[in-house]
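J.: kindly return the folded structure for what I paste below:
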Amino acid sequence: MRFLKYIFFLLLIIIIGVSIYIATLDGSYNVKQSKIIKAPIEVVFNVVNDYKSWENWNPWYEIDSTIVASFPKITSGVGTSYTWSGANSNGTIKTLSLIPNKEIIQQIDFGNGSTPEVYWQFSSRNNGTEITWGMKGKSNFMEKLHWITQGGIEKNMEPMYKRGLDLLNNYILKELEKHSIEIKGVVDYGGGYYLYQTTSSKINDFAIKKEKMLAIILKYMKNNNIDVSGKPFTITHQWNEENKTTMFSVCVPIKERIITTEDILTGFLKPQKTFKTILKGDYKFSYEAWKAAFKALKEQGFFEIQNGEPFEVYTVGPRENVNPSKWVTEIYIPIN
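T.: Numbering: from 1, shown residues only. Down below sits the predicted model:
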């Protein structure tokens, strides 16, 4: 009996000693991981800011199939939150503050009295967006005991955050690749006056030159108080696949004919019968859309006007939405 008493006191001393040791440990932590995602900063920010998207890349969904999330009607912005429950965890996360395209501050509640801060930081880089995902707080006694037995919070959380950023990267890049092509068929295009500039270039330089020329025209219109009366468009005068060259005009619709004195001219697009196709997605899919348009035109028994000048209207472009998957381009091929 005396031996058992000694064992009991020894265990008690060990327990007390370990408890004192754990209690005196600094429970502060700041776990974080960073990654560069090749996407516009606005796109990356908007995905993270919307809790509904988290189901597509949150790493904890990957390791626990029992997690069920509950979302409110509004899932992005300050004050929004969502809750989850699963076999291994339950909790709530809420957005406390944000600076658009720069920072998001959230608070996570695991239901055990611990409410650490979750933070996101966004910075533009030449090849995309650098994103940092982190969590900082102070562990209570039971949490410190738990993390000691698991090898430390950093050892366990940093791989999860790294995996989460990898999944986020994959999700965003996949979303940016989304596009669709819709054949609308024959439509009568109304035409009208427009201001324009014309140039020749390599086909590969088309997109860059188009944006620069459009910026010049819009600046000219602003400086001269000329109202824009429609969506910008380009007219293709020549397109040489063999030499990889093109000649085209960048145009902005106006209400009436204007006499200009600079290298920006006034043109008129006559009303005409056209074959219409709509591309929803990045401009890099334009060739695919034009190919589908000409194929459908032929299959439906129509003929392109010889020496006609096809054009495309940018209904939604980078000035309206930085997400390329949201861009809308209308293709018009003049037909007999």
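
J.: helix or strand for the nearest residue to residue 311 once chain neighbours are set aside, which one?
T.: Residue nearest to residue 311 in three dimensions, not counting chain neighbours: residue 235, with 4.5 Å by C-beta to C-beta, 6 or more residues apart in numbering. Yep, even glycine has a C-beta here, placed from its N, CA and C like the rest. Using DSSP states H and E, residue 235 sits in strand 233-240.

J.: re the thing from before, how about the contacts made by the residue nearest to residue 311?
T.: Counting by C-beta atoms under 8 Å, 6 or more residues apart in numbering, residue 235 touches 196, 248-249, 251, 269, 309-311.

J.: export the strand holding residue 235 to PDB, keeping only CA atoms.
T.: C-alpha atoms of strand 233-240 as PDB (Å, rounded to 0.1, in the frame of the first residue of the first chain):
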ATOM      1  CA  PHE A 233     -16.000  47.200 -81.300                       C
ATOM      2  CA  THR A 234     -13.300  46.300 -83.800                       C
ATOM      3  CA  ILE A 235     -13.700  46.000 -87.600                       C
ATOM      4  CA  THR A 236     -11.400  43.500 -89.300                       C
ATOM      5  CA  HIS A 237     -10.200  44.800 -92.700                       C
ATOM      6  CA  GLN A 238      -7.600  42.000 -93.300                       C
ATOM      7  CA  TRP A 239      -6.600  38.800 -91.500                       C
ATOM      8  CA  ASN A 240      -3.800  36.900 -92.900                       C
END
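
J.: name the next helix or strand downstream of that strand, please.
T.: Assigned by DSSP H and E, the successor of strand 233-240 is strand 245-253.

J.: hang on, residue 181 in a strand?
T.: Yes. Assignment of residue 181 by DSSP: H, G, I helix; E, B strand; the rest coil places it within a strand.

J.: stretch 253-265: end-to-end distance?
T.: 12 Å (C-alpha to C-alpha, to the nearest Å).

J.: what would the contacts of residue 235 look like in TSV with distance to residue 221?
T.: Supplementary listing: the contacts of residue 235 in TSV, determined by distance: C-beta to C-beta, whole Å:
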residue	distance to residue 221
196	12
248	19
249	16
251	12
269	17
309	23
310	25
311	19
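
J.: compare those residues and tell me which is most surrounded.
T.: Among the contacts of residue 235, residue 251 has the most neighbours (other C-beta atoms under 10 Å), with 26 neighbours.

J.: so that residue touches residue 233, yeah?
T.: Yes. Using C-beta atoms under 8 Å, residue 251 makes contact with residue 233 at a distance of 5.2 Å.

J.: now the common contact residues for those two.
T.: 194, 311.

J.: pretty sure residue 52 sits against residue 73.
T.: No. Using C-beta under 8 Å as the test, residue 52 is too far from residue 73 to be in contact (10.6 Å).

J.: run through the neighbouring helices and strands of the host helix or strand of residue 135.
T.: Secondary structure assignment for residue 135, by DSSP H and E: strand 128-138. Contact here means 3 or more C-beta pairs under 8 Å, 6 or more residues apart in numbering; DSSP states H and E; on that basis strand 128-138 packs against strand 28-37, helix 41-49, strand 117-125, helix 153-176.

J.: would you mind saying which of those lies nearest residue 81?
T.: Proximity to residue 81 (C-beta to C-beta) singles out strand 117-125 among the helices and strands packed on strand 128-138, at 11.8 Å.

J.: thinking again about what came up before, name the strands paired with the strand holding residue 135 and say parallel or antiparallel.
T.: Counting by DSSP bridges, the strands paired with strand 128-138 are strand 28-37 (antiparallel), strand 117-125 (antiparallel).
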